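In: just coords:
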């Protein structure tokens, strides 16, 4: 963060105000641990969101509202709610833990003025919110993961979960935001993601003068995807978001989809597609894209850390033992939207066409299992494993074409991206996809990025990646082949441009564009952020 | 057909010209049968297409080009190719069969000047065309039936089938069309459906002055659905259709989707969305909707036939034995896009909420098994049967809430629609859906139609049906409940308006609008057909 951020925050908030951030999961997750001093442990949330928003605390006072996700969070929630009490007035047996919470916070987010507020909701509200509505329903729908004959099922169970889980959690978060705002009649609120589509509406009821931006991290699909849902649900979601001043999405394409969705399902809304704004209940709602990104400085530091260096050394050794093959890498969770299945099928097709590559390449997949309790995920993982087993056959580990590595080890993922010649990022659909951006920055062998046109990142990176359509197994095989054959000069030239783009449009850029737009909205001006690209260039592949 | 049709055809064709129709399946299907006189049997194709286009032959000379689908068709193809030879110049052993073909034609399409031309393609071309590309690939894609993590798979097998099956069949049909045109430099050609997306381009090469209309009977999904395919395939499909003068689709919505698809994937095309036309290679292509319909006169006749009367009597008796419950009906093939699963789940939810309806209603499903060799269809049928078994439990046949009847018996389907109080037509997505239109015309108990918003028919019938979103199980249950409770006056008023609409916009209307537009195109004028409705009214269901 820079002095610029400080200046923007000062303009936005004025004196003495706190920026309020709300998300489902907080930046810190607590757990009880008898081994830990004071019996409490704290872990910093992973991902760009926490990095980006957490760092805000260095530049302005922040209050972060989140839902307590486990008993330890809930304990902390209660403790934090008492922070106005001096330590000595609490029950003696709780004093050490209260002190521990304070110390953990100071340690996890040093030099930052971040106040955490956990909203304590019981399991009978949280579980339907999280495990029925948010995941899988909204997540599946927005990633177009449903086989339409079977899902979504908008039945009594889902609508119950909506009424008794999703809506109450949203209301509770909204009310915690308003409580955090205290006597401020016009707080500035940043709401995060699909868990909180209804929060803005409740905040607006209680604080009509609030300035609210909601940012959706996942894709916003076209209105035809939403259309299978009942209008009541669609209106609730859209109208929840229309209580914002700015609706933020990852890409221009998603912004257009959002405008179309509102035009289709909220009759009274006046949608100005070209101006990207919506007139709704005498207010103007702006729709903008803010592509999320990474922290180049932090990533560079981590990529040089001992943990990564150690893995790089091990991987380099393994490659040498295998005769120094070229390295194709993917790094993602094993989940249906990431499209590992077609990625491996493409590699299989390529090896059939080019048997020489069986010797001279390896496909290293740093894969993290995820949501294994959900049958769709387990079935998908099994399908992926079957293809891997078929490709590898009875080969010795070093000679097997596909190497699988544990993707929960983030240092391993970064090590693999450092040594990659080709990086395959071929999601069926993806809000943004930060692996592509990480690969561009840490790659040491002038890697070529094979990128799905339907990843949000394609909107920024299309020109210098090799684009593929996500269903195109043959095209993906051809793109990998082309990447392997690309002359070093071209690889370097492409990478140079990609690096410049990722460095410029980094996580600070994501944030400062939002801050600038919020300042404009508060001044009654037109938000300055523009469209990113008119359209994404598509790869020209001729089928005869 | 009326004198109007004759007049239009005369204007369109002028003197001595034949209208050329091409479709994958012909209006007649032949089979060898040792029991039949001369060893050959012939069956008239089912469906509105054959009725509508076949009847054209009463008003103008028609040549119908189709692909020979079995050995008997192929035999006939060869025989028909010799029709210019007098009988006596053929090999003696074939003369009786050649005579038989002529007689069968005269019998199946009496008083009609229809010449059939079967294109004889060997299995190694026909099977990849039909069983790999057309069905399931294009059919699944256009009905949005794929679970995206698993399909479509655009791999070597699919692209091979495209190159060695789909494209050659299209070229063969196109060349047969041109051959049928003979010395006519500007024939009028009506191409049918998704099996023939590439035919127009080849016809245009050989007969630049031809007037070509391609009509797609299945849905045309939004460009985001197509987007998962490689650009090469997308361009081939779009450019194939852009060789037409008119691209016809079932609804205005599909017409908009087609315009968007071309705008997204064919860079050089200039798309005028409002004018619904496309400038492409110095030609103008019009995009129009022609909602297909039924033949009210023919249907009325059939609904009073002995076969239907007999089934009506049987069903009425069975209803009486069951205590004269109200009758909810669905009539369709058991296939994933028809959404029987959610239909039965909705009924189950309704019976749980309203146990009294277990006594006073029955849900009769006239269901035809279809494509049972395709695993997706078999799995879906099993899922449907499981729900039916659960709802019916151990009840006696008459007391079971759900009655299943064999849907290959079309007379039974019409009998059920005659006696229905409520008809459930809730496809996930459907090009048009003629069951809704049939139910409106033949229903004798003032039936209420519960109709999916995503059926093409909704564009014409929305106002007086009860609309449901296809994923909305609870909403479908509520719609059935509302239908059962609707006062007779309202049912009658709605049905009166629906009948007027279906009678006006019947199969002749479908055809004459196309003929009028073709006449205009040939005269260099703007085709007169207009948009049908600005948008489909959506049911307002409030979810709290």
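Out: Thanks, I have it. Computed from a prediction, not measured in an experiment: that's the story for all the values here.

In: Could you check the pLDDT of residue A:373?
Out: Note on residue A:373: pLDDT of 84.

In: typed the wrong thing, it's residue A:518
Out: Listed pLDDT for residue A:518 reads 96.

In: what helices or strands is the one helix or strand it maps to leaning on?
Out: Secondary structure from DSSP states H and E places residue A:518 in helix A:507-522. Where contact means 3 or more C-beta pairs under 8 Å, 6 or more residues apart in numbering or on different chains; DSSP states H and E, helix A:507-522 is packed against helix A:3-13, helix A:48-56, strand A:188-192, strand A:211-215, strand A:246-249, strand A:283-289. All C-beta spots, glycine's among them, are computed from the backbone N, C-alpha and C.

In: Now it: buried residues?
Out: A:507-508, A:510-522 (16 or more other C-beta atoms under 10 Å in any protein chain shown).

In: Of all residues in the stretch 301-450 of chain A, which one is closest to chain B?
Out: In the stretch 301-450 of chain A, the residue that lies nearest chain B is residue A:336 (3.5 Å; C-beta to the nearest C-beta).

In: count of neighbours near the residue nearest to that residue when sequence neighbours are not counted?
Out: Distance criterion C-beta to C-beta, 6 or more residues apart in numbering or on different chains; nearest residue to residue A:336, sequence neighbours excluded, is residue B:149 at 3.5 Å. Close neighbours of residue B:149, defined as other C-beta atoms under 10 Å in any protein chain shown, add up to 24.

In: Give me the pLDDT value at residue B:149.
Out: 95.

In: Now do the contacts for it.
Out: A:145, A:336, A:337, A:339, A:341, A:380, A:428 (C-beta atoms under 8 Å, 6 or more residues apart in numbering or on different chains).

In: and the residues you listed, which are buried?
Out: For these, buried by 16+ other C-beta under 10 Å: A:145, A:336, A:337, A:339, A:341, A:380, A:428.

In: Are we agreed that residue A:341 is in a helix?
Out: Yes: counting by DSSP: H, G, I helix; E, B strand; the rest coil, residue A:341 is located in a helix.

In: Contacts only, for it.
Out: With C-beta under 8 Å, 6+ apart, residue A:341 has these contacts: A:380, A:383, A:384, A:387, B:149, B:150.

In: Quick check: residue A:130 touching residue A:24?
Out: Yes: Residue A:130 lies in contact with residue A:24 (C-beta atoms under 8 Å); the separation is 7.3 Å.

In: joint contacts of those two?
Out: residue A:195.

In: what's the closest non-adjacent residue to residue A:442?
Out: Residue A:442 sits nearest to residue A:303 (C-beta to C-beta, 6+ apart), 4.5 Å away.

In: wait, the one you found sits on residue A:414?
Out: Yes: judged on C-beta under 8 Å, residue A:303 makes contact with residue A:414 at a distance of 5.3 Å.

In: Please report the distance of residue A:144 from chain B.
Out: According to C-beta to the nearest C-beta, to the nearest Å, residue A:144 stands 6 Å off from chain B.

In: swap that for residue A:239, sorry
Out: For residue A:239, the distance to chain B - C-beta to the nearest C-beta - is 11 Å.

In: ok now do that residue, which residues does it touch?
Out: Counted by C-beta under 8 Å, 6+ apart, residue A:239 has contacts A:201, A:266, A:280.

In: In three-state terms, how would it be classified?
Out: helix.

In: quick one: low-confidence parts of chain A?
Out: A:1-2, A:46-49, A:51-52, A:54-55, A:80-97, A:531-544 (pLDDT under 70).

In: what about 50?
Out: A:534-544 (pLDDT under 50).

In: Pick out the residue nearest the middle of it.
Out: residue A:217 (5.2 Å; C-alpha atoms, centre = their mean).

In: I'd say that one and residue A:254 touch.
Out: No: contact criterion C-beta under 8 Å: residue A:217 and residue A:254 do not qualify, at 10.5 Å.

In: Looking at residue A:303 and residue A:414, which one has more neighbours?
Out: Between residue A:303 and residue A:414, counting by other C-beta under 10 Å, residue A:414 is the more crowded of the two (24 against 20).

In: can you map out the helices along the stretch 201-350 of chain A?
Out: For the stretch 201-350 of chain A, the helices defined by DSSP state H, counting those that start in this stretch cover A:223-226, A:231-242, A:252-265, A:296-303, A:306-321, A:340-353.

In: So which elements touch the shortest one?
Out: Contact analysis of helix A:223-226 by 3+ C-beta pairs under 8 Å, 6+ apart lists helix A:139-142, helix A:252-265, helix B:223-226 as its packing neighbours.

In: Check which helices and strands the longest one is in contact with.
Out: Using 3+ C-beta pairs under 8 Å, 6+ apart as the contact criterion, the elements in contact with helix A:252-265 are helix A:223-226, helix A:231-242, strand A:246-249, strand A:270-272, strand A:283-289.

In: closest one to residue A:324 among those?
Out: With C-beta to C-beta as the measure, strand A:283-289 is the member of the helices and strands packed on helix A:252-265 nearest residue A:324 (42.2 Å).

In: Compute the inter-axis angle for the closest one and helix A:507-522.
Out: 160 degrees (axes from the mean of the first three to the mean of the last three C-alpha atoms, to 10 degrees).

In: Buried residues, strand A:283-289. List them.
Out: So, applying 16+ other C-beta under 10 Å, buried residues of strand A:283-289: A:285, A:286, A:287, A:288, A:289.
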